[in-house]
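K.L.:
Model the structure of this input:
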Amino acid sequence: MRRRWMLGVLLTGACSDGAGGGETVIAGSYAGMLSPRGTCSDGSMVPSGAIAADITLFQIGNRVRWEMACGATAMGTVVGSVATLEPATCLPMIDRGTTTTQTVRGGTLTRAGNTLVVNLSVHSVGTGAVTGTCDSNVTGTLVRH
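P.N.:
Residues are numbered from 1 along each chain as shown. Below you'll find the model as predicted:
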């Protein structure tokens, strides 16, 4: 059984270049494609393919945040050019009788020139018409715009 309900970590938000100490300013807008890889509780693979992402980060000192399209606020701490993310749970979504809740369990955002290297650990839970869990890594490189 394919777990299409697992996909959907699209990120958006507002920006500010407010770094304070020795950390890199990673605030700004980035766009590109992210790719999920993982497995589900029924043994199936998370559907492959690309997810369009448009991330705009807000940074004050060594803290970074953005509002994910799923309704959660993602937060992280910047050390050097890497933001380490804290867990954030999306609002439940209902599609064709299945309620899905996604949690970004953690990950990193790494600024490299005009790019942002994204590595997220995502846990999805489906109940209702489709029941199960999926764990995946969502990765990709976004370009600043």
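K.L.:
how far away is Ala52 from Val138?
P.N.:
12 Å (C-beta to C-beta, to the nearest Å). All C-beta atoms are positioned from the backbone trio N, CA, C, and that covers glycine.
K.L.:
So what's the residue count around Ser48?
P.N.:
9 (other C-beta atoms under 10 Å).
K.L.:
gap between Thr131 and Met45?
P.N.:
17 Å.
K.L.:
cool, Ser81 as well?
P.N.:
32 Å.
K.L.:
can you give me the strands in this structure?
P.N.:
For the chain, the strands defined by DSSP state E occupy 11-12, 16-18, 28-40, 51-60, 63-68, 73-79, 82-85, 88-89, 93-95, 98-112, 115-128, 132-144.
K.L.:
Reformat these into CSV and put mean pLDDT next to each item.
P.N.:
Putting the strands of the chain into CSV (pLDDT from 0 to 100) gives the following:
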stretch, mean pLDDT
strand 11-12, 40
strand 16-18, 45
strand 28-40, 96
strand 51-60, 94
strand 63-68, 92
strand 73-79, 96
strand 82-85, 96
strand 88-89, 97
strand 93-95, 95
strand 98-112, 96
strand 115-128, 96
strand 132-144, 97
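K.L.:
mind putting those strands in JSON lines, mean neighbour count included?
P.N.:
Listed next are those as JSON lines, based on neighbours: other C-beta atoms under 10 Å:
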{"stretch": "strand 11-12", "mean neighbour count": "19"}
{"stretch": "strand 16-18", "mean neighbour count": "13"}
{"stretch": "strand 28-40", "mean neighbour count": "18"}
{"stretch": "strand 51-60", "mean neighbour count": "18"}
{"stretch": "strand 63-68", "mean neighbour count": "20"}
{"stretch": "strand 73-79", "mean neighbour count": "18"}
{"stretch": "strand 82-85", "mean neighbour count": "20"}
{"stretch": "strand 88-89", "mean neighbour count": "19"}
{"stretch": "strand 93-95", "mean neighbour count": "14"}
{"stretch": "strand 98-112", "mean neighbour count": "18"}
{"stretch": "strand 115-128", "mean neighbour count": "19"}
{"stretch": "strand 132-144", "mean neighbour count": "18"}
